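**Student:** Give me a model of this one.
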Amino acid sequence: MKYIIVLLSLTVFVSCKKVIDLYPESNLNSGTYYTTAAEVQTGLNGCYNALQKPMLYEWQVTELRSDNTDMGVPSSNNTTNRDLSDLDEFIPSTGHAAVYSYWINTYFVIRNCNIILQNLGVAYNPANGSFTLSPININISDSLRKQYAGEAMVLRANSYFNLARLFGGVFLIHTPVTADEAKTINRSPVDDIYKLIKADLTTASGYLSALKYAQVPAASAGKVNAWTAKGLLAKVFLTLGDKASAIPLLQDVITNSGYSLQSSYANVFSISNEMNSEIMFAVRYKAGNLGLGSAFGNYFAPLGSGSAVINGSGLGYNYPTNDIDTALTVADARKNVSMGSYSTSKLLYVKKFLTPVATANDGESDWPVLRYADIILMMAEAQGYTPASIALINQVRVRTGLGDLPASVNSVASFEKALADERKLEFTFENQRWFDLVRFNKTMTTITAEQTMKDHFTKEFANHYSQYSPVVPLATLLTYITTNKLLLPIPQHEIDTNSQLTIAQNPGY
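**Tutor:** A predicted model of the protein is given here:
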């Protein structure tokens, strides 16, 4: 059973729904509010709530920049469509609206988590990447204090992980600061960002509950736990190219967590089966005109489709590419769950997060951040080409209807392609593909983000990129894919509004 905490003024209503707080307590006077464990819990719910805002833009800075989706109306030059086109073509300006919105809303999550951790007496020492616990005036048990701190650490680490992968070195803020204090903090080296991420996740894995999935109380459904922390930490190590450190974490999750693959792909995303045995971390949504519903069904439904696909019609964002349509064959059970086609024109659209809605932009579908299938495939990635890794990939393929990998997967190159393809199909439209491609630069020998995207431009040029106005020749388009452009620009607003420091822009912008 799930629950939702909705805070209106200072009155708290509890029902058997999701962990979502309509008005985060961390936006109130944090200096006087946090005096009881219940108040800390309410503020922590605000940290979970805050995850929804970055998600409104995350598909733009990840999936749209990958080979999974395209800008829906390439011939349009209105501001919104042009901004999407710029991301699609790898030419976002330093003042790009969605890039800044993702950045600032991710920092809101970090701010909320920092307030919780400060009130719990948790202090980070950047010199050695350790934490201290100081005395506090809140009447709370040591175990509950660590539980709440661990949750805030995981949410903060996930936010910084996304920022580091998208922007490189960013502002390292690990305690609440004033606006004036913020202007004295410059970008930190990316290694320092990862030091905090690793410290947060390592500490959280010891603070949080390590109950097996089947033993997790209904009241804790949707909360991050020790297994979430270990799974994310393994992905951090893989992103840094440290396979050896990732393997024991992944093996621990596989052996001891109790999480498991669902019997069918559709079950993973069913709104009647939320927080199932495969969902280790998700951004949660609640329909019912509470301001907590998911907008993605309407965002991704075809433009001009009326009520044929979803009530309230669609905006036509994040269109699947011809390449992903071909890769997801009709024999693959993932295709019908992930995407659909509309009308006689066979217009493709993402339907993985599309469920019936009474009101537009008020869907129930959660957005998975970490699934058990990811753990299985990360283990294969970390181990490399071995019979055990082939068996792991086949575990994920069982429910697809495709059968085991063919015997032709018999070399490092063919294994790496098979694994990359499996991840592309398994997590399609879940904002994983871009991060995967960048990580493959460290974990694979035959696949790179740059070449994959150049191949994408070449394959999609006739059907998509040649429709842009003005048309950018393919030869020119290919030059936009550089190592520098794997990172987004630091939002120009941060550079222009700081009167005390010179903030360096990322190379290439």
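
**Student:** Toward the C-terminus, what is the element adjacent to the biggest helix by length in the chain?
**Tutor:** Secondary structure assigned by DSSP state H gives helix 142-167 as the longest helix of the chain. Per DSSP states H and E, the first helix or strand lying C-terminal to helix 142-167 is helix 179-182.

**Student:** May I have that next one exported as CSV, CA atoms only?
**Tutor:** The C-alpha trace of helix 179-182 is given here as CSV (Å, rounded to 0.1, in the frame of the first residue of the first chain):
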residue,chain,number,x,y,z
ALA,A,179,22.5,34.2,-2.1
ASP,A,180,25.5,36.3,-1.3
GLU,A,181,27.5,33.3,-0.1
ALA,A,182,26.6,31.5,-3.3
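
**Student:** still on that earlier bit, so for the longest helix of the chain, what gets flagged as buried?
**Tutor:** Residues of helix 142-167 classed as buried by neighbour count (16 or more other Cβ atoms under 10 Å): 145-167. Quick note: C-beta positions are derived from backbone N, CA and C, even for glycine.

**Student:** for the host helix or strand of A475, what is the average pLDDT?
**Tutor:** Secondary structure assigned from DSSP H and E places A475 in helix 474-479. Helix 474-479 comes out with an average pLDDT of 98.

**Student:** just stretch 432-447 next, same as before
**Tutor:** 98.

**Student:** which parts of it are buried?
**Tutor:** Buried residues in stretch 432-447 (16+ other Cβ under 10 Å): 432-441, 443-444, 447.

**Student:** So which of those residues sit within helices?
**Tutor:** Reading helices off the buried residues of stretch 432-447 with DSSP H, I get 433-441, 443.

**Student:** Go through those residues and say which is closest to G297.
**Tutor:** R433 (20.4 Å; Cβ to Cβ).

**Student:** Surely the closest one is in contact with L64?
**Tutor:** No: with contact defined as Cβ atoms under 8 Å, R433 does not count as touching L64 (10.2 Å).

**Student:** Check the gap between L347 and L84 for me.
**Tutor:** 17 Å (Cβ to Cβ, to the nearest Å).

**Student:** Kindly report the same for A221.
**Tutor:** On the measure of Cβ to Cβ, A221 and L84 end up 35 Å apart.

**Student:** Checking the one residue sitting closest to the centre of the chain next. Helix, strand or coil?
**Tutor:** For the chain, V369 is the residue whose C-alpha lies nearest the centre (Cα atoms, centre = their mean; 5.0 Å). With DSSP: H, G, I helix; E, B strand; the rest coil as the basis, V369 sits in strand.

**Student:** residues contacting it?
**Tutor:** 158, 281-283 (Cβ atoms under 8 Å, 6 or more residues apart in numbering).

**Student:** On the pLDDT front, check it for me.
**Tutor:** 98.

**Student:** can you check the one 10 residues further on too?
**Tutor:** Model confidence at M379, given as pLDDT, is 98.

**Student:** what ranges do the strands span in the protein?
**Tutor:** For the chain, the strands defined by DSSP state E occupy 4-8, 11-15, 69-70, 122-125, 130-133, 279-283, 319-320, 339-342, 347-350, 367-371.

**Student:** out of those strands, nearest to D455?
**Tutor:** Taking the strands of the chain one by one with Cβ to Cβ, strand 69-70 is closest: 14.5 Å.

**Student:** Quick one: residues in contact with that closest one.
**Tutor:** 59, 63-64, 88, 318-321, 324, 350, 429, 460, 464.

**Student:** ditto for stretch 445-457
**Tutor:** Contacts of stretch 445-457 (Cβ under 8 Å, 6+ apart): 66-67, 90, 321, 323, 412-413, 416-417, 420, 437-438, 440-441, 465, 474, 477-478, 481-483, 486.

**Student:** Same question for stretch 492-502.
**Tutor:** Taking Cβ under 8 Å, 6+ apart as the rule, stretch 492-502 contacts 93-95, 100, 103, 171, 183-186, 503, 505.

**Student:** Buried ones in that stretch, by neighbour count?
**Tutor:** So, applying 16+ other Cβ under 10 Å, buried residues of stretch 492-502: 492, 494-495.

**Student:** what's the closest non-adjacent residue to the residue with the largest distance to the centre of the chain?
**Tutor:** Distance from the centre of the chain peaks at N137, with 35.1 Å (Cα atoms, centre = their mean). Once flanking residues are discounted, N137 sits nearest to T35: 7.2 Å by Cβ to Cβ, 6 or more residues apart in numbering.

**Student:** That neighbour and V438: what is the separation?
**Tutor:** For T35, the distance to V438 - Cβ to Cβ - is 44 Å.

**Student:** what comes up buried for stretch 238-250?
**Tutor:** 238-240, 242-243, 245-247, 249-250.

**Student:** Can you flag which of those residues belong to helices?
**Tutor:** Short answer: those in helices (DSSP H) are 238-239, 243, 245-247, 249-250.

**Student:** Reformat the strands of the chain as a markdown table; add distance to I254.
**Tutor:** Listed next are the strands of the chain as a markdown table, based on distance: least, Cβ to Cβ, whole Å:
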| stretch | distance to I254 |
| --- | --- |
| strand 4-8 | 32 |
| strand 11-15 | 35 |
| strand 69-70 | 31 |
| strand 122-125 | 30 |
| strand 130-133 | 28 |
| strand 279-283 | 12 |
| strand 319-320 | 31 |
| strand 339-342 | 30 |
| strand 347-350 | 30 |
| strand 367-371 | 13 |
